[in-house]
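Asker: My questions are about this predicted structure, shown below with the sequence.
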Amino acid sequence: MRLLFVVNPISGGIAKADIVDKIRTFCLQKIYNADFYFTEGTEQDKFEVNRRIWSNTYDAIVAVGGDGTVNLVGKQLIGKKIPLAIVPVGSGNGLSKDLGLPQDPAEALEIISKYNVQRVDTLSVNDAPVLHLADLGFNALIVSRFHESETLRGTSGYAWHLLREYMTYEAARYTIMVENEASFGLRAFMVTIANGNAFGSNLRINPYGKPNDGLFELCILEEFPKTTGVNILYQLFDDGITDSSYAHVISCSHARIVNVDNADFQIDGETQKHSPDFLDIYIRPESLPILINPAPVLG
Ligand SMILES: Nc1ncnc2c1ncn2[C@@H]1O[C@H](COP(=O)(O)OP(=O)(O)OP(=O)(O)O)[C@@H](O)[C@H]1O
């Protein structure tokens with residue numbers, strides 16, 4: 001087998017020398033050819049990964065990092081036959097958790113040798129690929145603060161920014177149209193566009209999500225009194241968010257959201273520099289080949 005490992009040297013605030021050693025040893029033992037690309041965190045990464053995919057015959061491209069690295073690699077493989085594999089070494093690793101992949105890097109490597117390819121849905125949001133979750137509003141603001149911070153990475157960094165911003169955050173206005181039905185307007189704390197179930201922090205925003213059902217969910221958390229926040233946080237942790245009268249989950253294959261107040265926007269844990277005026281969202285059914293555990297984890 002010939003593999004390309006795309007390694008993010010900074011993801012999760014974890015040094016990668018040990019993991020790269022593990023990968024080299026694994027490939028030597030299995031007699032696999034391993035090429036490496038170390039990301040630089042610039043626009044160039046996309047072109048370099050793309051160039052390598054087109055100029056070689058790889059059996060899989062392995063993202064070694066968090067959800068941002070998975071998105072960087074995965075979006076190049078949409079509609080192709082070469083599968084994505086994931087060695088989860090980010091802060092959250094939301095997609096790999098949702099797909100039931102091992103979180104231990106050595107076990108994650110074993111998934112590659114089992115070579116069980118399945119196809120999962122992806123989303124197109126204003127033509128940008130989303131593999132896991134995108135959102136408008138509070139979470140996107142926290143993701144943005146997280147990335148601005150040089151020192152506070154990992155789950156504790158996320159929690160710190162969440163606590164700091166919560167009390168002063170004001171819900172934003174959105175107009176939403178689902179499957180060409182009549183549109184409705186509301187004020188929301190956040191609107192999540194979900195192909196997956198839970199954020200990497202294990203907050204379960206979308207209990208209904210299945211990665212290959214040809215649908216995505218709009219998970220709307222309406223404006224709520226600040227004193228209700230602890231209860232909502234508990235419901236998110238406890239897989240009970242749909243019990244909240246402030247939460248609405250809508251399954252669909254196409255939707256449009258007007259971002260009236262230009263709320264922050266993020267895709268797969270990456271803040272988008274320009275907050276869009278509107279989002280046009282489509283499902284791309286079973287568009288991404290991915291190596292996952294042979295045990296049935298997909299519905
Ligand atoms: N060499 C580098 N130096 C600085 N930043 C980098 C470098 N390589 C990649 N990046 C940045 O890393 C980010 C992606 O990180 P990634 O999502 O993989 O890990 P994470 O944020 O720790 O985890 P998660 O998204 O799962 O919470 C991107 O913003 C990318 O620009």
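Answerer: All right, it came through fine. All values derive from a computational prediction rather than experimental measurement.

Asker: ok, which residues in this protein are in contact with the ligand?
Answerer: In this structure, the chain approaches the ligand at residues 8-12, 39-41, 65-69, 90-93, 153, 200, 269-270, judged by Cβ under 6 Å from any ligand atom. For every residue, glycine as well, the C-beta is placed using N, CA and C.

Asker: what about burial for the residues you listed, which qualify?
Answerer: The neighbour-count test (16 or more other Cβ atoms under 10 Å) applied to the residues of the chain next to the ligand identifies 8, 11-12, 39, 65-69, 90-93, 153, 200, 269-270 as buried.

Asker: Go through the residues of the chain next to the ligand and flag which are in strands.
Answerer: Counting by DSSP state E, the part of the residues of the chain next to the ligand found in strands is 65, 270.

Asker: backbone phi and psi for the closest residue to the ligand within the stretch 151-299 of the chain, please?
Answerer: Shortest the stretch 151-299 of the chain-to-the ligand distance, computed as Cβ to the nearest ligand atom: residue-wise this is Gly269, at 3.3 Å. In this entry, Gly269 is assigned phi and psi values of phi 80, psi 10 (degrees, to the nearest 10).

Asker: Leaving out sequence neighbours, find the closest residue to it.
Answerer: In space, not counting the residues next to it along the chain, Gly269 is nearest to Asp67; the distance is 4.2 Å by Cβ to Cβ, 6 or more residues apart in numbering.

Asker: residues in contact with the one you found?
Answerer: When the contact criterion is Cβ atoms under 8 Å, 6 or more residues apart in numbering, the partners of Asp67 are 90, 92-95, 131-132, 200, 268-270.

Asker: Mind putting those into JSON lines with pLDDT?
Answerer: As requested, these are exported to JSON lines (pLDDT from 0 to 100):
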{"residue": "Gly90", "pLDDT": "92"}
{"residue": "Gly92", "pLDDT": "87"}
{"residue": "Asn93", "pLDDT": "94"}
{"residue": "Gly94", "pLDDT": "93"}
{"residue": "Leu95", "pLDDT": "96"}
{"residue": "Leu131", "pLDDT": "97"}
{"residue": "His132", "pLDDT": "97"}
{"residue": "Gly200", "pLDDT": "84"}
{"residue": "Asp268", "pLDDT": "96"}
{"residue": "Gly269", "pLDDT": "92"}
{"residue": "Glu270", "pLDDT": "92"}
